[in-house]
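K.L.:
Quick check, what structure comes out for this input:
(one chain, ligands or ions: 1)
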Amino acid sequence: MTECDPVKISERIISLFPGNFPEGRRSSDPFQILISTVLSQRTRDENTFAASKALFSQYPDCDSLSDITTDDIKYLIRPAGMFNQKAKNIISISKIIKEKYGGVVPEKLEQLLELPGVGRKTANIVLFAGFGVPALAVDTHVHRISNRLGWIKTKNPEESEFELMKVLPENLWGPINVSMVDFGRNICRPQRPLCEKCEFTSCCDFFKM
Ligand code: SF4
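P.N.:
Residues are numbered from 1 along each chain as shown. Okay, here's the model as predicted:
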């Protein structure tokens, strides 16, 4: 394994940015992980935390969330933005889980993808964080960095997910997401990455260009 091997670099990024699962999405309850991940879409971690905390203080589970209207929760989740759509999705998700799955979050990717507002990234986060299943959640950070490093050549996060699964072993799929997000926010930023602070310059296609 060379120093530029994706596995080696991934392990190094994980050790440099051990990255806890963001506050607000940290829970041992797959249902709360699912709902807080829906809340986290297109917003900052601190907003997700505020919205999740307010929501779960009054409606902590599938039962309580499936028997209400959007007006009951919109004001609670307002900090997360897009609160009308998110409230609608959260209530629909809760109803489906209650009626179709007996109140238990399903453990299969295909089942999660059928829930409103749940895309591949959200579903993969739930699989890994909620059930410990190897699942690779690819967001813009993971997509951008793995392309810059030259591990893959892809046009969008979904394509990256499939290509990265060929490059990285299963045991890294879950942990790499949060660590790469932190690496992407702090060093390999979308605009003007801090390459002078990066230890992977000799392995990086973007840096060599
Ligand atoms: S060298 Fe620059 S572009 Fe390449 S991974 Fe490091 S920070 Fe990102």
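
K.L.:
Spell out for me which residue occupies the centre of this structure.
P.N.:
Ile125 (4.8 Å; CA atoms, centre = their mean).

K.L.:
Up against the ligand, what does the protein have?
P.N.:
Applying CB under 6 Å from any ligand atom, we find that the chain lies next to the ligand at 148-149, 187-188, 193-195, 198, 200-201, 204, 206-207. Backbone N, C-alpha and C define where each C-beta goes, glycine included.

K.L.:
again, 5 Å this time
P.N.:
For the chain, the residues in contact with the ligand (CB under 5 Å from any ligand atom) are 148, 187-188, 193, 195, 198, 200-201, 204, 206-207.

K.L.:
for the record, mean pLDDT for the longest helix seen in the chain?
P.N.:
For the chain, the helix that runs over the most residues, judged by DSSP state H, is helix 83-101. In this model, helix 83-101 has an average pLDDT of 98.

K.L.:
And for that helix, what's in contact with it?
P.N.:
31, 34-35, 38-39, 41, 51, 55, 62-63, 65-66, 68-70, 73-74, 77, 80, 103-106, 111, 114-118 (CB atoms under 8 Å, 6 or more residues apart in numbering).

K.L.:
from the middle of its chain, how far away would it be?
P.N.:
In terms of CA atoms, centre = their mean, to the nearest Å, the centre of helix 83-101 is found 19 Å from the chain centre.

K.L.:
ok, Ser160 - contacts?
P.N.:
Counting by CB under 8 Å, 6+ apart, Ser160 has contacts 138, 142-143, 146-147, 152, 154.

K.L.:
Remind me which helix or strand it belongs to.
P.N.:
Element membership for Ser160, per DSSP states H and E: helix 157-167.

K.L.:
Give me the nearest residue to Gly81, chain neighbours excluded.
P.N.:
Nearest-residue entry for Gly81: Thr43, 4.9 Å, with adjacent residues in sequence omitted and distances by CB to CB, 6 or more residues apart in numbering.

K.L.:
just to revisit the earlier point, can you get me a residue count around the nearest residue to the residue nearest to the centre of the chain once chain neighbours are set aside?
P.N.:
Leaving aside its chain neighbours, Ile125 sits nearest to Ala137 (4.6 Å; criterion: CB to CB, 6+ apart). Applying other CB atoms under 10 Å, we find 26 residues neighbouring Ala137.

K.L.:
still on that earlier bit, could you tell me which of the contacts of Ser160 belong to strands?
P.N.:
The strands, defined by DSSP state E, take in nothing from those.

K.L.:
Pass me the low-pLDDT residue ranges in the chain, would you?
P.N.:
The chain contains residues with pLDDT under 70 at 20-26.
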